[in-house]
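Participant: The sequence and its predicted three-dimensional model are supplied below.
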Amino acid sequence: MVLLTKFKKKLKSSPMVRDTVVTTIFATSGRGIGFLIPFFIAAWYGVGKETDAFFFAYSLIIYLATIFSPVMESIIVPFIAEKRANQEDVGAFVGQVLGFSAIGLLLLSGIFMLVIKPILTVSTRFSPEGLELIYGLLLETIPLLVLLVWTSILAGTLNAYKVFVIPAISPAFRAIATLGFIYAFKGPMGVHAIAWGYVIGEIFRLVILFWLLQKLNFIRLRLCLTFSRNHSRVTGFNEFLKTSSYQLLGMSVAAFTPVINKTMASWLGKGSVSILEYADRLYMIPLTFLASGFIVTFLSHWSDRYQTGGEKLLQQDVRRAVYYGAGLSGILTVFLLLFNTSIVSVVYGYGVFPKNQISLVALVFGFYLFSVPPYFLTQLYARAFLTRKDTKTLLFISAIKTAGTIGFNLLLMRSMGLAGIALATTIVTFITLGISSYLFHTRKPT
């Protein structure tokens with residue numbers, strides 16, 4: 001009772017703690033429903049060439065989206081905080097980000113579809129029929145690239161204004177629409193129903209976020225495809241482009257890790273990509289629980305506090321977050337490791353999923369789990385670098401992560417198979433945590 005009373009007092013006295021707790025609850029609920037999608041896919045479609053093709057195609061789209069969407073959602077927050085402090089036009093700035101991002105992503109989508117088929121022919125070991133199916137699924141899911149980035153920009157804008165709940169729970173709206181479409185059309189459309197379901201679900205989420213931003217009337221949002229004549233606005237947007245470019249490069253390197261893992265998994269035979277994906281979906285649940293609420297609110301509050309308190313206050317905030325984050329993530333990891341096999345059996349032990357593959361999924365998932373604490377702490381340091389707008393350091397860390405993933409995958413997968421890929425992820429995550437901590441505490445902000 002004493003601890004509960006102290007916790008209630010802390011919630012009332014600290015807006016950041018209150019926002020973090022509330023956002024984590026809603027983010028876990030919102031994304032938790034989204035994590036049901038692969039489980040239903042496992043029950044409805046099982047493991048085979050079609051699921052391999054979809055998960056590989058979807059990983060490529062998510063790779064492209066992951067380069068841009070997390071960057072936009074996070075890096076826009078300190079810029080909006082700065083513009084609000086200087087009483088500048090936030091609506092015009094957000095409109096420029098939306099407009100120019102759409103043009104760039106449409107061009108990127110066209111180039112991607114032109115070059116991807118010959119690249120996959122050389123780099124993977126799918127059959128010709130499998131490659132044709134992958135290409136068709138890519139055509140169907142490529143609209144997700146613009147949709148995911150736009151929803152991230154709107155979510156980041158709302159987060160900058162301390163509106164965390166609806167962006168946090170919005171993935172649930174997307175998941176419900178996606179699951180409904182897949183269930184309704186899985187018979188006539190087969191695996192293509194999954195691709196279309198994801199697109200329709202993201203459109204639904206985008207409409208909700210647009211409606212909310214307009215209803216709250218924080219900014220006068222207007223899509224902009226030109227630079228403003230106002231010099232300060234142009235300068236601000238140019239700075240945003242310069243700063244985000246380093247982070248985009250960093251994400252393009254770091255986000256390539258899942259593609260690397262799935263490409264190497266395709267070397268291990270039919271069904272390997274699907275098994276790795278099913279284990280990875282379970283692994284993402286604790287990461288989402290830790291990152292979706294904590295990371296979002298920390299970045300928003302740290303950005304505001306950095307504008308007033310500077311580097312000293314940021315150092316204090318980060319040390320406190322790392323201290324408590326290590327304990328929380330460690331406890332969660334131990335709990336999941338104790339019930340690893342039971343969790344996998346409950347989630348995948350039904351439908352047409354092959355029962356003899358459950359132990360392999362549990363093994364891969366178990367090796368992934370050891371990386372949960374270092375991953376979470378690395379994400380805290382990443383938000384601290386973003387608060388400083390130090391995206392060059394994040395680019396350097398991402399390059400090390402990708403090189404390490406390739407090296408340790410090659411070293412471990414020969415003897416351990418899919419489990420070696422998961423273990424490689426864990427080893428590399430610990431290495432990047434050490435580098436992130438060292439650079440944050442020793443490198444002075446520019």
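Facilitator: Perfect, I can see it now.

Participant: Can you pull the poorly scored residue ranges out of the stretch 1-150 of the chain?
Facilitator: 1-24, 26-30, 32 (pLDDT under 70).

Participant: for it, what spans make up the helices?
Facilitator: According to DSSP state H, counting those that start in this stretch, the stretch 1-150 of the chain carries its helices in the segments 2-13, 15-34, 36-45, 49-85, 90-123, 128-141, 144-160.

Participant: Any idea which of the ones you listed gets closest to Leu439?
Facilitator: Set against Leu439 and scored by CB to CB, the helices of the stretch 1-150 of the chain come closest in helix 49-85, at 18.1 Å. Every residue, glycine included, has its C-beta placed from N, CA and C.

Participant: highest average neighbour count across the helices of the stretch 1-150 of the chain?
Facilitator: Of all these, helix 144-160 has the most neighbours on average by mean count of other CB atoms under 10 Å, namely a mean of 24.

Participant: could you check the angle helix 49-85 makes with that one?
Facilitator: Counting by axes from the mean of the first three to the mean of the last three CA atoms, to 10 degrees, helix 144-160 lies at 40 degrees to helix 49-85.

Participant: Could you export helix 144-160 as PDB, CA atoms only?
Facilitator: What follows is helix 144-160, C-alpha atoms only, in PDB (Å, rounded to 0.1, in the frame of the first residue of the first chain):
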ATOM      1  CA  LEU A 144       2.200   1.300 -47.600                       C
ATOM      2  CA  LEU A 145       5.500   3.200 -48.000                       C
ATOM      3  CA  VAL A 146       3.700   6.600 -48.300                       C
ATOM      4  CA  LEU A 147       0.900   5.700 -45.900                       C
ATOM      5  CA  LEU A 148       3.200   4.600 -43.100                       C
ATOM      6  CA  VAL A 149       5.400   7.700 -43.400                       C
ATOM      7  CA  TRP A 150       2.400  10.000 -43.400                       C
ATOM      8  CA  THR A 151       0.900   8.300 -40.300                       C
ATOM      9  CA  SER A 152       4.200   8.600 -38.600                       C
ATOM     10  CA  ILE A 153       4.500  12.300 -39.300                       C
ATOM     11  CA  LEU A 154       1.000  13.000 -38.000                       C
ATOM     12  CA  ALA A 155       1.700  10.800 -34.900                       C
ATOM     13  CA  GLY A 156       4.900  12.700 -34.200                       C
ATOM     14  CA  THR A 157       3.100  16.000 -34.500                       C
ATOM     15  CA  LEU A 158       0.500  14.900 -32.000                       C
ATOM     16  CA  ASN A 159       3.200  13.600 -29.700                       C
ATOM     17  CA  ALA A 160       5.000  17.000 -29.800                       C
END
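
Participant: name the helices or strands packed onto that helix?
Facilitator: Helices and strands touching helix 144-160, by 3 or more CB pairs under 8 Å, 6 or more residues apart in numbering; DSSP states H and E, are helix 49-85, helix 90-123, helix 165-189, helix 192-216, helix 272-338.

Participant: now the longest one: mean pLDDT?
Facilitator: Computed over helix 272-338, the mean pLDDT rounds to 83.

Participant: re earlier: now the helices and strands packed on helix 144-160 as a markdown table including distance to Arg388?
Facilitator: Formatted as a markdown table, those follow (distance: least, CB to CB, whole Å):
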| stretch | distance to Arg388 |
| --- | --- |
| helix 49-85 | 8 |
| helix 90-123 | 20 |
| helix 165-189 | 23 |
| helix 192-216 | 27 |
| helix 272-338 | 7 |
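
Participant: Compare these and report which one is nearest to Thr432.
Facilitator: helix 272-338 (14.2 Å).

Participant: if we can go back for a sec, for the helices of the stretch 1-150 of the chain, give me a markdown table that also has distance to Val346.
Facilitator: Below are these laid out as a markdown table (distance: least, CB to CB, whole Å):
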| stretch | distance to Val346 |
| --- | --- |
| helix 2-13 | 30 |
| helix 15-34 | 15 |
| helix 36-45 | 10 |
| helix 49-85 | 20 |
| helix 90-123 | 35 |
| helix 128-141 | 29 |
| helix 144-160 | 30 |
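
Participant: Much appreciated, bye for now.
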